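Asks: sequence unknown, structure follows:
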């Protein structure tokens, strides 16, 4: 049985027919009128700065971060999976980041539901705000749309960091070059298994593994240096292309979710941030992304819940209504 369903059975009085709930009973009939705790989600395609924004917010509010990236949940391979470093985390506690030791099997959406609910519950019990951040939108959708227990217990605010595709693709390519400089190839080389070409599960699905396969096999077979160098160039280009393809898929998924959650999803256009360098980029980030996001979160956390809890409050994933951000301080849609 799915973890959120198990928790829901425990929360609903025995006299209520649980099968009716799971087969379509209007949630307004559920006698579960407790004040809901609040959860912030930071979404965006790969490379848009989700981790940076989550950490920025966690340094401005009493918050902790729950990772929702299906590759970063695994232990090890910090460069390949592009985990935040201890310095970058600024002391902010992170949950589900590099904690799964079984790197061979998939960490499923059901696994994420179970562990994310556990992490969120522990954060809330310590009077802190859970910030769920990561690029695996299927995890987020499974938690918000499909986990009834989560929807009964939590109000949600969604922040979407958006960047124009051409600008983002250029940045992603530059980021891959930096990852290679940091040792991406060596990281994959250390655990490369020439006896297997299966990259369909676990951490081996990470971008970088399948793309480097041909190069690493040629290297083991002592191919001429000119050949291996050419194969490495090709592999790095494939890694860049795969990241750009991933970003496009994630963008499409977020657009679909935006249609469902737009009355409580704040889109922040960070395109201009990526056109600057140095201090100018930091200033643009603060003005166009960090500060408007903090304003949205502040309003969300301080929104009064002393209103009548009707059917829409319980049933819909975008649970609370937050006053719209001022046009002067938020990067609005093009």
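Replies: Okay, I see it. Owing to the predicted nature of the structure, the values given are computational and were not obtained by experimental measurement.
Asks: Show me the chain divided up by domain.
Replies: 3-8+34-168+264-315, 175-243 (automatic domain parsing).
Asks: And those domains: which comes nearest residue 252?
Replies: When the domains of the chain are compared by Cβ to Cβ, domain 3-8+34-168+264-315 sits nearest residue 252, at 9.4 Å. Placement of C-beta: from N, CA and C, glycine included.
Asks: For the residue sitting nearest the centre point of the chain, list the residues it contacts.
Replies: Geometric centre of the chain, nearest residue: residue 134, 1.4 Å, by Cα atoms, centre = their mean. The neighbourhood of residue 134, defined by Cβ atoms under 8 Å, 6 or more residues apart in numbering, consists of 50, 67, 68, 69, 70, 72, 140.
Asks: so which of the domains of the chain gets nearest residue 254?
Replies: Nearest to residue 254, of those and by Cβ to Cβ, is domain 3-8+34-168+264-315 at 5.7 Å.
Asks: picking up where we left off before, nearest to residue 215, of the contacts of residue 134?
Replies: Relative to residue 215, and with distances defined as Cβ to Cβ, the nearest of the contacts of residue 134 is residue 72, at 24.1 Å.
Asks: Enumerate every residue touching that closest one.
Replies: Contact partners of residue 72, counting by Cβ under 8 Å, 6+ apart, are 81, 82, 83, 97, 98, 134.
Asks: Make JSON lines out of these and add secondary structure and pLDDT.
Replies: Putting the contacts of residue 72 into JSON lines (DSSP: H, G, I helix; E, B strand; the rest coil; pLDDT from 0 to 100) gives the following:
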{"residue": "81", "secondary structure": "coil", "pLDDT": "95"}
{"residue": "82", "secondary structure": "coil", "pLDDT": "95"}
{"residue": "83", "secondary structure": "coil", "pLDDT": "96"}
{"residue": "97", "secondary structure": "coil", "pLDDT": "98"}
{"residue": "98", "secondary structure": "coil", "pLDDT": "96"}
{"residue": "134", "secondary structure": "coil", "pLDDT": "95"}
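Asks: Most remote residue from the middle of this structure, which is it?
Replies: Most distant residue from the mean C-alpha position of the chain: residue 224, 41.6 Å away (Cα atoms, centre = their mean).
Asks: Phi and psi next, for that residue.
Replies: Per-residue torsions, residue 224: phi -60, psi 150 (degrees, to the nearest 10).
Asks: do the same with residue 195
Replies: Per-residue torsions, residue 195: phi -80, psi -10 (degrees, to the nearest 10).
Asks: same question, the one 3 residues further on
Replies: Residue 198 has phi and psi values of phi -90, psi 110 when expressed as degrees, to the nearest 10.
Asks: Ok, residue 100 next?
Replies: phi -90, psi 120.
Asks: right, and it touches residue 76 too?
Replies: No: contact between residue 100 and residue 76 fails when scored by Cβ atoms under 8 Å: they sit 9.9 Å apart.
Asks: More neighbours: which of the two?
Replies: Under the criterion of other Cβ atoms under 10 Å, the comparison of residue 100 against residue 76 puts residue 100 first, with 19 against 15.
Asks: so what's the more buried one up against?
Replies: With Cβ under 8 Å, 6+ apart, residue 100 has these contacts: 73, 74, 75, 107.
Asks: How about residue 231, nearest residue that isn't a chain neighbour?
Replies: residue 215 (4.1 Å; Cβ to Cβ, 6 or more residues apart in numbering).
Asks: And the host helix or strand of the one you found, what does it pack against?
Replies: Applying DSSP states H and E as the criterion places residue 215 in helix 209-220. Counting contacts by 3 or more Cβ pairs under 8 Å, 6 or more residues apart in numbering; DSSP states H and E, helix 209-220 is packed against helix 184-191, helix 225-261.
Asks: And the pLDDT for residue 277?
Replies: On pLDDT, residue 277 comes in at 87.
Asks: Shouldn't it be within a strand?
Replies: No: Residue 277 is assigned coil when assessed by DSSP: H, G, I helix; E, B strand; the rest coil, not a strand.
Asks: Now do the phi/psi pair for it.
Replies: Per-residue torsions, residue 277: phi -130, psi 150 (degrees, to the nearest 10).
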